[in-house]
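[1] what would the 3D arrangement of this be:
(2 chains)
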Amino acid sequence: MKKSVCLAILLLPALYVCGQQVYVESGTVISAFHYRNSEGESLSNLFGSNNFFMQAGYHSITKTNRLNYSAGVSYSGYGASGSDSTLGNYFEWDVRYIGIDLGLDYEIIKKRFTTGALSELTVYIKAAISPEYMIQGTQTINKDVYDLAGVEQFRYPFIFARGGAGICYSINRTISLYAEYMGGEGFPVKIGDRDDKEKLRIASHNIGFGLYVNLPGYKSWR
Amino acid sequence: MKKLFFLIIILAATLQLSGQSHGITYQAVIIDADAQEIPGVDISGNYLPNQALSVRFTIQDENRIIEYQEIHSTTTDRYGMISLTIGTGTQTTSSPVSFTEIDWDGTAKDLRVEISLGDSGTDFRELSFQQLYFVPYAFHRNITATGTMIIDGASTLNSSLEVANGSPTDLSGALTVNSTSALNGQVTINADLSGSDDQEDAYPLRVRGSNQGIAITIDGSRSSANNYVTFLDANGIQGRIEGQVDADVYNDPQFIYDQAMFAGKTAVQIVNVATAAAASILDPGNVIIEAANSALLAAEIIEYEVFAFSDLGVAYESGSGDYAEWLPRLYPEEQIGYGQVVGVYGGRITKETDGAEMVMVVSRSPIVLGNMPPDSAGRALCEKVGFMGQVPVRVVGRVNKGDYIVSYKSGSGLGMAVSPSDLTAGQLSSVVGRAWTEATNPGINIVNTVIGVKTNEWTGFIKSNRSEIDSLKNEVEYLKDRIKKTDEILSQLVPGYKEATGSSIISADEKKTVSPVKTTSSVVTPDVHALAQLKTREEVLESFSRTAAFLEAQGVDLSKNAFYSRMNSDPEYRERVVETIIGSRNKNK
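    Numbers count the residues shown, from 1 in each chain, chains lettered A, B, ... in the order given. Now for the predicted structure:
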């Protein structure tokens, strides 16, 4: 957490200097739980689930021209379901996380169209790191529903590391549309709970659509 | 799974009533006390499937003393369930008795259940400890039910049954006892039955299955105060069969009278012996005679007492007083009631008494009733006719005790009283009995009459006849003696008499043994001794004539008598006899 905060502080001056866009993105996140109990045993019959996510933030281009930075906040839902045929148990999770999303993308293809007034197509790759904290969650065991607030594995934050690619199309001087895939895993940060031998990682596959809005002073042609 | 702690969440104890499976069914689900770890909230309360384990059952009494203990080795099923039967496991050495010998005496008993995981069966951990509130297995012995026990199904007791504390036993259904039974208390058979007396099903008590009937044994020895059987009805005791003992004999008036008579005889005999002893000098033979008399009296007393105290048994007592038999009516439609005098014709009765073989009376309530008709139809044609005992008889006119009751009039069914002095020979055949009660009513009375026993109506006639016979015997003896003496005299007086008559002269010795024969003064016979006193020829001939007439009256055929035959046929001989007799008198003179 401390590292993430420090990194954000270091990047802010650059964003401030070069920040020219804000973005809003929403889409589907396909999540799965990777779990091992205190004996190191995994659940054999555990499946992922689809949820909704959305995020918004600033997006800027660094002086290296093709390398862009972004920072924003995210709201993501994760979940999983499974069963134990031996004991006859059914279990399901549905959790909501809010996080700070810090990303770095590199434009690998950037093409300007001449037919339009101002059209540009960009393909990029992206890496992001996102500390997230659960704000709401429930667990269903058989027919009983439990609140996961404060429950082990969910009471401490997760650091998600994701990587992916996207395509962006500028439809005019102000707005660009983009589609993006980001996949990765979240690792728990067991602050004050190191005796917990259980291990839970959340795998997520985010498929989203968003738009960039150019702020005044945006230098579109570099 | 490293530290498992088990809970028993289901315990089912049911009764196994099968004769092939002895024990208490025990079912349980083994729950894993460790929760299943999953992300977030772990899952607790999971059962433990397919787990090998050992279960140890211990039944303890209220003082925590082990009464029975056994171990089962088993495996949970896929649902964590075990199904065991307490009583079929391996009995441990800590168990003092087998399961079937547990004393279910109604006191509190506890069931302790312990489990050891795995196959070792050594590390037992207590799972439950609970009290057994109900008798779990009624099949076994020594079960004490402190409350009401209701068994809805058929029950079999393979051993004895005891109902203690004087508690009653009420059976609403039939009771069948297939073996010897002892009832040590009073037994009352209160059967609500109906039916006629010829229907066996109408009798509350039926004794079957043996060629013997009922044997009754009373405590101690028999006594008139101890009844073997007592017969009662709504009015109380109507009869009884009771014992007879020596005390009853001592209290018998006849015995007391006889004893008094023997005492008198003994006193007289003592006086006789004393007198004879005092006069023994004058008559020593009398002492011997009196001693013999004393011995005879003693023997008589002994014999009497042996007789009096022999054959004591039981006596049947009843208010009724006669023995009777069913006899059919000669005319079935004839109405005959009790107390009526009837004539008997070939075993059939009618109120017509003239010419009857015997005259009897119809009994009212005999103590013994014989000749029972085979059925009620036959009974309707019969009457109970008294044969012996006391019977009430319908009698016309006044009656004195001791009067003879004879048939009053043929067809009337009534009797009448005749005093013993007025009883005629013609009434003898119609005597019913003798009155034991008197009646002053000139009309019809019910008179208690004794029948069938010696009523002495023939006694007077027999006495009279006996007297006449004795008198005639004496006369015959006297005449025989006189004839002998006459023969002697005639043999001496009449020449050739002895040869003619062939009579034998009594020897001198025989004369000594002939006792003098007393004659009555009223008998007039030819006195042979008086022959010598005859004075005239006519007197002698008259004497012979009277003697001949008497002999003929006695059945003597004089024509075959040589003497009388010659006296009748030979006048010369007759005259010579007369002269000889007269001459003899003169000679004696």
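
[2] quick one, strands of the stretch 101-250 of chain B?
    Here the stretch 101-250 of chain B has its strands, by DSSP state E, counting those that start in this stretch, at B:109-117, B:125-132, B:227-233, B:236-243.

[3] partner strands of the last one, parallel or antiparallel?
    As defined by DSSP bridges, the strand partners of strand B:236-243 come to strand B:227-233 (antiparallel), strand B:314-318 (antiparallel).

[4] helices of the stretch 101-250 of chain B, start to end?
    Under the criterion DSSP state H, counting those that start in this stretch, the stretch 101-250 of chain B contains helices at B:246-250.

[5] mind telling me which residue of it is nearest chain A?
    residue B:117 (17.5 Å; C-beta to the nearest C-beta). No exception for glycine: its C-beta is placed from N, CA and C like everyone else's.

[6] what number of residues lie near that residue?
    18 (other C-beta atoms under 10 Å in any protein chain shown).

[7] so for it, what's the pLDDT?
    On pLDDT, residue B:117 comes in at 84.

[8] that one contacts residue B:51, doesn't it?
    Yes - Residue B:117 lies in contact with residue B:51 (C-beta atoms under 8 Å); the separation is 6.8 Å.

[9] ok, back up a step: for the strands of the stretch 101-250 of chain B, which one ends up most surrounded?
    strand B:109-117 (a mean of 19; mean count of other C-beta atoms under 10 Å in any protein chain shown).

[10] who's in contact with that one?
    B:4, B:6, B:8, B:26, B:28, B:30, B:51-62, B:64, B:67, B:86, B:122-132 (C-beta atoms under 8 Å, 6 or more residues apart in numbering or on different chains).

[11] buried subset of the residues you listed?
    B:4, B:6, B:8, B:26, B:28, B:30, B:51, B:53-60, B:67, B:86, B:124, B:127-128 (16 or more other C-beta atoms under 10 Å in any protein chain shown).

[12] what residues does the stretch 151-300 of chain B put near chain A?
    On the criterion C-beta under 8 Å from any C-beta of the partner chain, chain A has no neighbours in the stretch 151-300 of chain B.

[13] give me the pLDDT for residue A:111.
    On the pLDDT scale, residue A:111 gets 83.

[14] now the closest residue to it other than its chain neighbours, what's its secondary structure?
    Distances taken as C-beta to C-beta, 6 or more residues apart in numbering or on different chains place residue A:121 nearest to residue A:111, at 5.0 Å, with adjacent residues excluded. Put simply, residue A:121 is strand when judged by DSSP: H, G, I helix; E, B strand; the rest coil.

[15] quick check: mean pLDDT of stretch B:442-458?
    Mean predicted confidence for stretch B:442-458 is 82.

[16] same check on stretch B:77-90?
    91.

[17] quick one: contacts of that stretch?
    B:10, B:16, B:21-32, B:47-51, B:53, B:55, B:57, B:59, B:70-72, B:74-76, B:99-100, B:111, B:137.

[18] which of those residues count as buried?
    Counted by 16+ other C-beta under 10 Å, the contacts of stretch B:77-90 give B:16, B:22-26, B:28-32, B:47-49, B:51, B:53, B:55, B:57, B:59, B:70-72, B:76, B:99, B:111, B:137 as buried.

[19] which stretches in chain A count as strands?
    Here chain A has its strands, by DSSP state E, at A:19-36, A:46-61, A:67-84, A:89-113, A:119-141, A:144-147, A:158-170, A:175-188, A:199-214.

[20] quick check: which helices or strands does the fifth one pack against?
    Contacts defined by 3 or more C-beta pairs under 8 Å, 6 or more residues apart in numbering or on different chains; DSSP states H and E place strand A:119-141 against helix A:2-18, strand A:67-84, strand A:89-113, strand A:144-147, strand A:158-170, strand A:175-188.

[21] give me the pLDDT for residue 101.
    Looking at chain A here, since you left the chain open. 95.

[22] ah, no, chain B please
    At residue B:101, the model reports a pLDDT of 83.

[23] how close does it get to residue B:220?
    Distance, residue B:101 to residue B:220, by C-beta to C-beta, to the nearest Å: 46 Å.

[24] more crowded one of the two?
    Shown here are residue B:101 and residue B:220; by other C-beta under 10 Å, residue B:101 has more neighbours (13 against 8).

[25] I'd like the distance between that one and residue B:68.
    To residue B:68, residue B:101 is 8 Å away according to C-beta to C-beta.

[26] dump the strands of chain A to JSON lines, plus mean neighbour count.
    As requested, the strands of chain A are arranged in JSON lines below (neighbours: other C-beta atoms under 10 Å in any protein chain shown):
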{"stretch": "strand A:19-36", "mean neighbour count": "19"}
{"stretch": "strand A:46-61", "mean neighbour count": "19"}
{"stretch": "strand A:67-84", "mean neighbour count": "20"}
{"stretch": "strand A:89-113", "mean neighbour count": "18"}
{"stretch": "strand A:119-141", "mean neighbour count": "18"}
{"stretch": "strand A:144-147", "mean neighbour count": "12"}
{"stretch": "strand A:158-170", "mean neighbour count": "19"}
{"stretch": "strand A:175-188", "mean neighbour count": "19"}
{"stretch": "strand A:199-214", "mean neighbour count": "19"}
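
[27] with distance to residue B:316 added, can I get these in a markdown table?
    Formatted as a markdown table, the strands of chain A follow (distance: least, C-beta to C-beta, whole Å):
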| stretch | distance to residue B:316 |
| --- | --- |
| strand A:19-36 | 108 |
| strand A:46-61 | 106 |
| strand A:67-84 | 96 |
| strand A:89-113 | 94 |
| strand A:119-141 | 97 |
| strand A:144-147 | 94 |
| strand A:158-170 | 118 |
| strand A:175-188 | 115 |
| strand A:199-214 | 111 |
